[in-house]
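J.: Quick one: sequence plus predicted model below, questions after.
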Amino acid sequence: MNTRVCMSLFGLLICPFVALSQITETKIHASDRGEADYFGCSVSISGDYAIVGAWSAYSSGSAYIFRREGSGWVEEVKLTGSNGSSFDSFGYSVSISGDYAIVGNYDDDDLGTTSGSAYIFRRDGVDWIEEEKLTASDGAAGDEFGRSVSISGDYAIVGTFGPWAAYVFRRDSAIWIEEAKLTGGPFDRFGISVAISGDHAIVGAPDGYAIHGGSAHVFGHDGPDWVLQARLTPSSGALDDGFAGSVAIAEDHALVGATGDNGDAGSVYVFRREGTSWIEEAKLAASDGAEYDHFGGSLSISRDYAVIGAVGDDHDGIIGSAYLFRRVETIWIEEEKLTASDGAASDGFGADVSISGDNAIVGAAFDDDTYYETGSAYAYSGFSTTACDDYTDFLTRCALGGTVRARVVLLGNISRSGETVLFQIDSAMYPATIVDNGVSSRASVSISGLGSGPHTVSVLDPAGCFDPRVVTCTAGLEKSDQDEWEKDDVRWAAETRRTETPVAPVTTKVLGNYPNPFNPTTAISYELSADSRVILSVYNTLGEEVATLVNEFQTAGYKSATWNGRNDAGSPVASGIYIYRLTAGSHVQTGRMLLMK
């Protein structure tokens, strides 16, 4: 658990983390908070805007839009339904994407039934205007349309609890059209959780009678149709795991929660898209997980980061937490445990979470903030800028042999035991745990079955800006290899030399993009003279990053990356001039391209 010193600034509780990272916490609450508002029962964040639902016990409910200003969050507007009535459930579910927000109201009965509804709001300057009220074309009493909602670009998805279905809506100018009704099996609770990102949607169906404990359905957008692309089930699922009670999706990755796994400790499965197939990439669990934590009851993903709620986690009598994970290649590393600086036993911290870029938000709907169960939310920022994403300039080559043992020595990094570094051996990644002897630290791996070799080894430091001094490796079981390995133990206490085989300088030839101008896609081609870490990003003319196309270690040779005219959130960008920037080692080169629609 992190130690924090808090201060009050303009009514907001700001708590910088005293830890390796520079994460800051800001507590958010409604300006007109009252008893049993349950502010924070639902949260969502997109860029500099956040929305927080307040499903009130004494009113029709509301939702609040907050705007980030510097390190703080300012309440911009309070949203309510245009024709709400007492004891509606407006704000029970919320989602925000760019200039649009959606608010679920599953208990709406203004049509004479409790079929439910969802409201779309559009940002106009500092105002948020109600653009449309969504209802199901075949809605009926008891449907509870609006229990779960998600919005991304021109698309929104709404789940129902009555007929167990999910409805996809498409924005056409200022009108939202029901484009598809998605369904699953008759008893699998299809639609209890939904998420949408770009051309993909995911719907949870936590069927408690299924041997795998449920499934998640991924749909791909194909013209006017939404086609079932995959039915995701866990590799180690069991009855009552609650798999797919929560889902999230962004770009080529999806998260599926299983809160009942391992004695209700909970887990989260990560799936990666390859073409039209979805492959289980990892199974995540809290490093300090215990029974009844319900890790995975809420979750969110944004690029290489995921935040996962554990509303039942008991840490020193305070209940609820959230965990921050970061992806490096195909490995997910737990980077931080988020807890409320002023948390209490019954706050419900972690009941809902959301992440976008460098910001995350965690709801605490039962926090006695001024009044009984008023509720609150906590915003966190600063995590995505604290880790070192670049490969070090250390690279070495092992001799022939099917087994590789690799070691990195880290000077000036004592007291880092238990953190993770990654070795890249040939093209695969292997995590290693750091140990220290009070003078310096090291991490090592031994990997067998790699083939005859020779093998190339480099190191990545995902856990936070290490100071590596040497990478050594041996292959096979030759006596000379053994001797070299033992010599490294002698260097262990005071190693100062750099690797004897540094990476050669990289020269890059950018071949440009074609077609240019383009619509809807263009391919950016380049050549690498040597193996290198490559980052290829797209910027607008204001210098703002729009999309990251490549961020990986690549071998020498001809390469190409395609941009589809969308940002990292999957939303189409406007016509105009864009700049691509290619970084390979120390080499940087830019080019211009024109998107015409």
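T.: Happy to help now that I have it.

J.: doesn't residue 220 make contact with residue 227?
T.: Yes - the pair residue 227 / residue 220 is scored as a contact, 5.5 Å apart, by CB atoms under 8 Å. (Glycine included, C-beta is placed from N, CA and C.)

J.: Neighbour count: these two, which is higher?
T.: Residue environment comparison for residue 227 versus residue 220 gives the larger neighbour count to residue 220, 16 against 12, counting by other CB atoms under 10 Å.

J.: Helix or strand: which one has the more buried one?
T.: Element membership for residue 220, per DSSP states H and E: strand 215-222.

J.: Show the average pLDDT along that strand.
T.: Confidence for strand 215-222, expressed as mean pLDDT, is 92.

J.: That one: partners in the sheet, and parallel or antiparallel?
T.: As defined by DSSP bridges, the strand partners of strand 215-222 come to strand 200-205 (antiparallel), strand 225-232 (antiparallel).

J.: contacting residues around that strand?
T.: Applying CB atoms under 8 Å, 6 or more residues apart in numbering, the contact partners of strand 215-222 are 155, 168, 182, 184, 188, 190, 199-205, 207, 226-233, 243-244, 247, 249, 254, 256, 271, 276, 278.

J.: Nearest spatial neighbour of residue 192, chain-adjacent residues omitted?
T.: residue 204 (5.4 Å; CB to CB, 6 or more residues apart in numbering).

J.: Can you name the residues bridging to the nearest residue to residue 304 once chain neighbours are set aside?
T.: On the basis of CB to CB, 6+ apart, the spatially nearest residue to residue 304 that is not a chain neighbour turns out to be residue 327, at 4.4 Å. The residues paired with residue 327 through beta bridges, assigned by DSSP bridges, are residue 332.

J.: that older thread, now, of the strands paired with strand 215-222, which is deepest in the fold?
T.: Taking mean count of other CB atoms under 10 Å as the contact definition, the stretch among those with the greatest mean neighbour count is strand 200-205, which reaches a mean of 28.

J.: avg pLDDT for it?
T.: Per-residue pLDDT values over strand 200-205 give a mean of 96.

J.: can I have that strand written out in CSV, keeping just the CAs?
T.: Taking Å, rounded to 0.1, in the frame of the first residue of the first chain, the C-alpha atoms of strand 200-205 are listed here in CSV:
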residue,chain,number,x,y,z
HIS,A,200,-15.9,-4.0,-32.4
ALA,A,201,-18.4,-4.6,-29.5
ILE,A,202,-18.3,-7.1,-26.7
VAL,A,203,-21.3,-8.4,-24.7
GLY,A,204,-21.0,-10.4,-21.5
ALA,A,205,-23.1,-13.5,-20.9
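
J.: Tell me who's in contact with residue 308.
T.: Under the criterion of CB under 8 Å, 6+ apart, the contact list for residue 308 reads 255, 257, 268, 284, 286, 295-296, 298-299, 322-323, 325, 353.

J.: Need the three-state assignment for it.
T.: When the structure is reduced to helix, strand and coil (DSSP: H, G, I helix; E, B strand; the rest coil), residue 308 reads as strand.

J.: and the gap between it and residue 587?
T.: Separation of residue 308 from residue 587 (CB to CB, to the nearest Å) stands at 37 Å.

J.: what do you get for residue 367?
T.: Residue 367 is 51 Å from residue 587, by CB to CB.

J.: quick one, which of these two is more surrounded?
T.: A side-by-side neighbour count of residue 367 and residue 587, using other CB under 10 Å, places residue 367 first with 30 against 17.

J.: Going by secondary structure, that one is in what exactly?
T.: Secondary structure assigned from DSSP H and E places residue 367 in neither a helix nor a strand.

J.: I figured it hits residue 344, correct?
T.: Yes - the criterion here is CB under 8 Å, and residue 367 meets it with residue 344 at 7.2 Å.

J.: which of the contacts of residue 308 lies closest to residue 424?
T.: The shortest approach to residue 424 among these belongs to residue 325, at 19.8 Å (CB to CB).

J.: For the closest one, pull up the helix or strand it's in.
T.: strand 318-328.

J.: Determine the set of other helices and strands touching that strand.
T.: In this structure, strand 318-328 packs against strand 305-315, strand 331-338, strand 349-356, strand 359-364, with contacts taken as 3 or more CB pairs under 8 Å, 6 or more residues apart in numbering; DSSP states H and E.

J.: ok and that strand relative to strand 349-356, angle-wise?
T.: 30 degrees (axes from the mean of the first three to the mean of the last three CA atoms, to 10 degrees).

J.: since we're on the closest residue to residue 167 other than its chain neighbours, how many residues are nearby?
T.: The spatially closest residue to residue 167, leaving aside those adjacent along the chain, is residue 158, at 5.0 Å (CB to CB, 6+ apart). Residue neighbour count, defined by other CB under 10 Å, stands at 31 for residue 158.

J.: Please read off the pLDDT at residue 158 from the model.
T.: What the model reports for residue 158 is a pLDDT of 98.

J.: Going forward, the N-terminal residue is numbered 19.
T.: Shifting the count to begin at 19 puts that one at residue 176.

J.: Check which helix or strand it maps to.
T.: Residue 176 belongs to strand 173-177 when elements are defined using DSSP H and E.

J.: Please identify the buried residues of that strand?
T.: When burial is assessed from 16 or more other CB atoms under 10 Å, strand 173-177 yields the following buried residues: 173-177.

J.: Now do that strand: everything it contacts.
T.: Residues contacting strand 173-177 (CB under 8 Å, 6+ apart): 113, 118, 120, 122, 136, 138, 152, 154, 163-169, 183-189, 194, 197, 209-214, 219, 221, 239.

J.: Go again with 6 Å.
T.: Contacting residues not belonging to strand 173-177 are listed as 120, 136, 164-168, 184-188, 209, 212, 214, 219 [CB atoms under 6 Å, 6 or more residues apart in numbering].

J.: biggest separation within these, which pair?
T.: Farthest pair in the contacts of strand 173-177, by CB to CB: 165 and 188, 20.8 Å.

J.: More neighbours: those two, which one.
T.: Neighbour totals were compared for residue 165 and residue 188, and residue 165 leads with 24 against 16 (other CB under 10 Å).

J.: wouldn't that one be in contact with residue 179 here?
T.: Yes - under the criterion of CB atoms under 6 Å, residue 165 is in contact with residue 179, at a separation of 4.8 Å.

J.: Which elements pack onto the helix or strand containing residue 315?
T.: Counting by DSSP H and E, the element that carries residue 315 is strand 313-320. Using 3 or more CB pairs under 6 Å, 6 or more residues apart in numbering; DSSP states H and E, the elements in contact with strand 313-320 are strand 261-268, strand 271-276, strand 285-292, strand 323-333, strand 367-374.

J.: what residue lies at the spatial centre of this structure?
T.: The structure's the chain has its C-alpha centroid closest to residue 319; by CA atoms, centre = their mean the separation is 2.0 Å.

J.: which residues touch that residue?
T.: Counting by CB under 6 Å, 6+ apart, residue 319 makes contact with 266, 268, 271, 273.

J.: what does residue 121 give?
T.: Contacts for residue 121 were tallied using CB under 6 Å, 6+ apart; they are 81, 109, 112, 137.

J.: next one: residue 216
T.: Under the contact definition (CB under 6 Å, 6+ apart), the residues listed for residue 216 are residue 588.

J.: do that again at 8 Å, thanks
T.: Applying CB under 8 Å, 6+ apart as the definition, the contact partners of residue 216 turn out to be 170-171, 269, 584, 587-589.

J.: nearest to residue 398, of these?
T.: Distances from these to residue 398 were compared by CB to CB; the smallest belongs to residue 587, at 19.1 Å.

J.: My guess is the closest one contacts residue 117. True?
T.: No - look at residue 587 against residue 117 with CB under 8 Å: they stay out of range, at 11.9 Å.

J.: Could you check which of those two has the larger neighbour count?
T.: When neighbours are counted by other CB under 10 Å, residue 587 and residue 117 differ, and residue 587 comes out ahead with 21 against 14.

J.: Wasn't the more buried one part of a strand?
T.: No - according to three-state DSSP, the state of residue 587 is coil, so it is not within a strand.
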